[in-house]
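**Student:** got a sequence here, can you model it:
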Amino acid sequence: MRALLVVDVQNDFCPGGALAVPKGDRVVPVINGLMADFDTVLASKDWHPEDSVHFDNWPKHCLKDSEGAEFHPDLNIEKIDRVFLKGTKDKDDGYSAFEATNRDLADYLNEKDVTEIYISGLAIEYCVKETALDAVKKGFDVYVIKEAVAGIDENDVEAAFEEMKEAGVEFVSAEEV
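**Tutor:** As a prediction, this is how the structure comes out:
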């Protein structure tokens, strides 16, 4: 079984948001177009409390129940089977979707007999990368869909791609999916 994992395609990470990824909204139509190709579509959300150690390093963003924490309005949320919330405590960062606190992502994937995870979303250098690395560590075959991810800084994006590649992550185009 294959699953599409949509990482943090939230208002605060899209243009105009508190911690925007330049052109981050361009991944939305690509992701929407891919959803029908998967038996399971999952998503993660940053879901931070007002006071969190996470904000020692970042501007406040994706505060739980806020407009900024909502999915991008054009994302086809009807196709999402389950949402995993991360960064929900005051003492965690929650970069990886595998750090979700409302449900264990690895257990959920194993229950669904998922062996291949196709990752999309924002931002490559942080949450996409950490999710992909954790997925490899947990024994999944991991693919990052090149047109369905976006990053902030080109140099950091290249370094993240290299780190993921060295860990065993494969990169595919949307057409190859």
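
**Student:** what comes into contact with the biggest strand by length in the chain?
**Tutor:** Counting by DSSP state E, the longest strand found in the chain is strand 141-150. Outside strand 141-150, the residues that touch it by CB atoms under 8 Å, 6 or more residues apart in numbering are 21-24, 26-27, 30-31, 34, 115-124, 128, 132, 135-136, 164, 168-174, 177. For the C-beta atoms, the positions are set from N, CA and C on the backbone; glycine is no exception.

**Student:** show me where the chain has strands.
**Tutor:** Under the criterion DSSP E, the chain contains strands at 2-7, 40-46, 82-86, 116-122, 141-150, 170-172.

**Student:** any idea of the mean pLDDT for the fifth one?
**Tutor:** Pointing back at strand 141-150 there. When pLDDT is averaged along strand 141-150, the result is 98.

**Student:** then the second one?
**Tutor:** Across strand 40-46, pLDDT averages out at 98.

**Student:** listing partners with orientation, what would you give for it?
**Tutor:** Take DSSP bridges as the rule and strand 40-46 pairs in its sheet with strand 2-7 (parallel), strand 82-86 (parallel).

**Student:** which residues are in contact with the first one?
**Tutor:** Defining contact as CB under 8 Å, 6+ apart, one finds that strand 2-7 is touched by 31, 34-35, 37-44, 75, 80, 97, 109, 112, 114-122, 127-128, 131.

**Student:** could you rerun that using 7 Å?
**Tutor:** Here strand 2-7 makes contact (CB atoms under 7 Å, 6 or more residues apart in numbering) with 31, 34-35, 38-44, 80, 97, 109, 114, 116-122, 127-128, 131.
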